[in-house]
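J.: predicted coordinates and the sequence they were generated for:
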Amino acid sequence: MATPKGAIGNGPVVRVAIGGDHDAGPELLRAARDATEDVRVVAVGPTGADSLAPLVLATQNGTTAFVPQCTVANVTTIVETLENGSLPDTAATVEHDPGATSMPTPPAAIDTTAVLGVGSRRVLGGCGWRAPASVADYRVSRDDELLAERAIDDPDAVHERVADAALRGRGRGDGSTDAPISGVWTTATETDGKPVVVVNANEADDHARADRLLLESAPLAVLDAALATAHAVDATDVLVYTNDAEALARERAQEAADALAADRDPDIPIQVVAGPDAYTAGEMTMALEAMEGNDRLEARRRPPGPDQYGLYGRPTVIHTPRTFAQVGQALADNDLGGVPGDPGTRLFTVAGDVDAPATIELPTDATLADVRGAVALDGGLKTACVGGRFGGLTRDLDVPASAAGLRGARLGTNGVIELFDESTCTVALAGQRAKLAREENCGRCVPCREGSKQLVELLRDVYDGEYQDGMLRELARTMRETSTCEFGQEASRPVTTAMESFEPEFRAHADGRCPSGSCDHVSS
Ligand code: SF4
């Protein structure tokens, strides 16, 4: 039986989640299809919760049974049970509107699927529920009208809505990280030349999975919002930029682009391209360099920013999939929720010393502490690194999930929360991040290139008995204030925040002791 284009409806349907870091999904899909000719079997994207994979959902008459860690034998039984008019007997069964267009959330009290009940699932609503490249599915979720179609009729209304909502950019590769995005839209529109819209999904940090999740699981929501943006800024084309290794994200983005083109006149073409699997390649100006075909990637000086001088010199609106997902939410729903200065939700991937990483969605008026319900952490929480590779180290997760809240707590906003248990040495952790900065910077500017070397050397001095806190702080300040791009501006943050929250550990190391007992060349 062929895969139906629209998975929504009242009939029995089995959804098999394919994507993420698990490769058993295709085998389950084949087994499910081989076992039935009467029940619809649909490939959906991942939910973001690794602990549930491979996940299969069985739906009938407004009730869905969740079967996490499904096996081939299980999926065959599920299909046969559904054929016989029953649902499989599982720990998590949820009743919902029979025409639900977003994944019904299992109660948080159900242990096996509790992760899906953490936070909200607004931009993640289609993940694991809708067929990723089915425009029919997606249209049902938008009351049959694409955002791009509305934008053709009234492009100014799109811009006004985004400006009124004061929507801020999400992610380190965004053209408006943590800042209202309407400003760059205005500049791109008012600058000479034909604007282009770029979806920057190149994120080589393994822990930062939200953009990949959106492209693998809900690419139409991202591309429809990108097309609406293109109409709002009068752009002539849209480019989706991923890293080379993320083949499924690229494949699903291409399928979604093709499906949109087949559904309606391709008045604004969407092109999907790949760049290097390098952390720096996600920086927005290095992303533009990569798309232009330059082998040696260096960040561009600003001003002018990409909104004035971007891809091939054209005015360029560049956002991450996370930002476009919020744009789509703002255009579809007047009630974004969250805090007024940073409305909507933010996606966080919880990783580190946990049973399995999970990408969850928190309203910006929630606190990061809510993520603890999404993962199991062996031992007690000692340290969290919030904000990605160059995030801030903290003991305290009672921090608002908004950009202002995160920045106020000197944490990063790149949607990653790594949780570490008591065996983690914060001095060593800060040192690992400093070495990353030394090894991966593009080499263009002195403060970052030379500063990251000095940062590593000053940390090595701590192990040799000399903790020069004043010099470390002054070096960090110089890197933060004078580096060309956010890589160098943020590279010292793990060190400075570790010094603020865990200073006794630095002094202990200088005295020859590692309090966590994990640094083998100083004694515990
Ligand atoms: S801050 Fe670092 S990554 Fe950015 S331009 Fe300077 S050397 Fe390159």
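T.: That came through fine. Note that the structure is predicted; figures quoted are calculated from it, not measured. Numbers count the residues shown, from 1 in each chain.

J.: quick one, phi psi at D234?
T.: phi 60, psi 40 (degrees, to the nearest 10).

J.: next up, the contacts around it.
T.: By Cβ atoms under 8 Å, 6 or more residues apart in numbering, D234 lies in contact with P155, T189, K194, P195. Placement of C-beta: from N, CA and C, glycine included.

J.: how far away is G341 from R168?
T.: Distance, G341 to R168, by Cβ to Cβ, to the nearest Å: 8 Å.

J.: which one's more surrounded, these two?
T.: A direct count of neighbours by other Cβ atoms under 10 Å for G341 and R168 places R168 higher, at 25 against 13.

J.: not counting sequence-adjacent ones, nearest residue to that one?
T.: D342 (5.3 Å; Cβ to Cβ, 6 or more residues apart in numbering).

J.: count the residues that sit near that neighbour.
T.: There are 24 residues near D342, going by other Cβ under 10 Å.

J.: you'd agree it is up against A403?
T.: Yes: counting by Cβ atoms under 8 Å, D342 touches A403, with 4.9 Å between them.

J.: what is in contact with the two at once?
T.: With Cβ under 8 Å, 6+ apart, D342 and A403 have common neighbours R168, T364.

J.: let me see the ranges of the helices in the stretch 151-300 of the chain.
T.: 155-165, 182-190, 210-217, 219-232, 247-263, 284-291 (DSSP state H, counting those that start in this stretch).

J.: could I get those helices as CSV with mean neighbour count and mean pLDDT?
T.: Output for these, formatted as CSV (neighbours: other Cβ atoms under 10 Å; pLDDT from 0 to 100):
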stretch, mean neighbour count, mean pLDDT
helix 155-165, 17, 97
helix 182-190, 19, 98
helix 210-217, 28, 98
helix 219-232, 28, 98
helix 247-263, 19, 96
helix 284-291, 26, 97
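
J.: A204 is nearest to which of those helices?
T.: helix 210-217 (10.4 Å; Cβ to Cβ).

J.: list the contacts of the closest one.
T.: With Cβ under 8 Å, 6+ apart as the criterion, helix 210-217 contacts 19-20, 44-48, 123-124, 126-128, 132, 171, 201, 203, 221-222, 240, 242, 246, 248-250, 252-253, 320-322, 325, 347-349, 359, 415.

J.: ok, now with 6 Å
T.: Identification of contacts with helix 210-217 by Cβ atoms under 6 Å, 6 or more residues apart in numbering yields 19, 45-46, 48, 127, 132, 201, 203, 222, 246, 248-249, 252-253, 320-322, 325, 347, 349, 359, 415.

J.: do stretch 168-175 as well
T.: With Cβ under 6 Å, 6+ apart as the test, stretch 168-175 has contacts from 176-178, 180-181, 184, 200, 282, 284, 306, 318-320, 322-323, 342, 403, 414.

J.: report the buried residues of the helix-or-strand element of the chain with minimal mean pLDDT.
T.: When each helix and strand of the chain is scored by mean pLDDT, DSSP states H and E, strand 92-95 comes last, with a mean of 91. Neighbour-count burial for strand 92-95, counted by 16 or more other Cβ atoms under 10 Å, picks out A92, T93, V94.

J.: which parts of the stretch 301-450 of the chain sit against the ligand?
T.: N441, C442, G443, R444, C445, C448, R449 (Cβ under 6 Å from any ligand atom).

J.: using ChimeraX, make a named selection holding only the buried ones among these.
T.: Buried members of these, defined by 16+ other Cβ under 10 Å, are picked up in ChimeraX with:
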select :441,442,444,445,448,449
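
J.: among the residues of the stretch 301-450 of the chain next to the ligand, name the ones in helices.
T.: C448, R449 (DSSP state H).

J.: where in this structure is pLDDT low?
T.: 1-10, 107-110, 265, 521-524 (pLDDT under 70).

J.: how does it look with 80?
T.: 1-10, 91, 106-112, 265-266, 378, 520-524 (pLDDT under 80).

J.: what's around the residue in the stretch 51-200 of the chain that the ligand sits nearest to, how many residues?
T.: Using Cβ to the nearest ligand atom, the closest approach of the stretch 51-200 of the chain to the ligand is made by R172 at 11.5 Å. Using other Cβ under 10 Å, the number of residues around R172 comes to 28.

J.: cool, and L347?
T.: By other Cβ under 10 Å, 28 other residues sit near L347.

J.: same check, this time on the one 5 residues further on
T.: For G352, the count of nearby residues is 19 (other Cβ under 10 Å).

J.: please name the residues that touch it.
T.: Contacts of G352 by Cβ under 6 Å, 6+ apart are E418, L419, F420.

J.: apply 10 Å and report the result again.
T.: 207, 375, 377, 381, 383-385, 416-421, 424 (Cβ atoms under 10 Å, 6 or more residues apart in numbering).

J.: which members of the contacts of D234 are the farthest-apart pair?
T.: Greatest spatial distance in the contacts of D234: P155 and K194, 14.7 Å, computed using Cβ to Cβ.

J.: get me the contact residues on the stretch 151-300 of the chain for the ligand.
T.: T280, A299.

J.: right, I'll call it a day here.
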